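Curious how this folds, go ahead:
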Amino acid sequence: MITHTKTNTNKYSCPSASLDYIIEPWFLGPGSTSPGGPEFNEWADASKSTYGTVFASSIKDLPEPKEPRCALISGRTADNPRLFGECIEAGCKTIFLEKPGAPTVAELQKMKDDAEAAGVGVLMGYNKNVCKYVRKTREFAETVPGSHVTFVSNNAYE
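Numbering: from 1, shown residues only. From the prediction side, this is the model:
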């Protein structure tokens with residue numbers, strides 16, 4: 001979970017947004033010693049001291065927003081409806097939600113209704129280009145002159 005506001009100027013900033021808060025319950029909690037945990041925490045410590053980025057294990061730890069807040073939810077599908085609601089409660093005005101977004105269409109519909117009632121904009125998508133199989137396929141294709149790779153999604157979400 002990453003939230004953005006316009007108040008902080010650090011390495012991650014742009015004219016209209018900056019990366020001020022990162023919510024990571026696993027690596028900041030029980031997963032701190034799991035694979036990737038020590039590296040994450042080393043990076044978090046460096047980001048805190050160098051850029052002032054705030055790391056927390058819960059959205060509820062965030063202060064009230066002083067500027068419009070945007071959230072990117074990249075969690076387990078089963079957790080997304082709860083995280084989505086917490087982002088709305090935390091004052092987020094825009095939420096980027098990784099698909100499929102929720103385990104069921106009914107949960108997605110409730111999330112849509114909650115966002116509309118709160119005046120929150122929602123963007124949904126997922127960049128499959130970061131998946132390991134996509135990266136490895138592209139790396140292999142680069143070694144074959146004249147190769148061409150096409151990926152087709154068979155997701156059947158309504």
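
Put the alpha carbons of the helix or strand where Val134 lies into PDB.
Element membership for Val134 (DSSP states H and E) is helix 132-141. Extracted as PDB, the C-alpha positions of helix 132-141 are listed here (Å, rounded to 0.1, in the frame of the first residue of the first chain):
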ATOM      1  CA  LYS A 132       8.500 -12.800 -13.700                       C
ATOM      2  CA  TYR A 133       7.300 -14.900 -16.700                       C
ATOM      3  CA  VAL A 134       6.800 -11.800 -18.800                       C
ATOM      4  CA  ARG A 135      10.200 -10.500 -18.000                       C
ATOM      5  CA  LYS A 136      11.900 -13.800 -18.700                       C
ATOM      6  CA  THR A 137      10.000 -14.200 -22.000                       C
ATOM      7  CA  ARG A 138      11.000 -10.800 -23.100                       C
ATOM      8  CA  GLU A 139      14.600 -11.400 -22.100                       C
ATOM      9  CA  PHE A 140      14.700 -14.600 -24.100                       C
ATOM     10  CA  ALA A 141      13.000 -13.000 -27.100                       C
END
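
How far away from the center of its chain is that helix?
Put simply, helix 132-141 sits 23 Å off its chain's centre (CA atoms, centre = their mean, to the nearest Å).

Can you get me a residue count around Ile23?
Burial of Ile23 is recorded as 24 neighbouring residues (other CB atoms under 10 Å). Every residue, glycine included, has its C-beta placed from N, CA and C.

from memory it sits against Val54, does it?
No: using CB atoms under 8 Å as the test, Ile23 is too far from Val54 to be in contact (9.4 Å).

just the helices in this protein please.
Applying DSSP state H to the chain gives helices spanning 37-51, 80-89, 105-118, 132-141.

List the buried residues for the third one?
When burial is assessed from 16 or more other CB atoms under 10 Å, helix 105-118 yields the following buried residues: 107-108, 111, 114-115.
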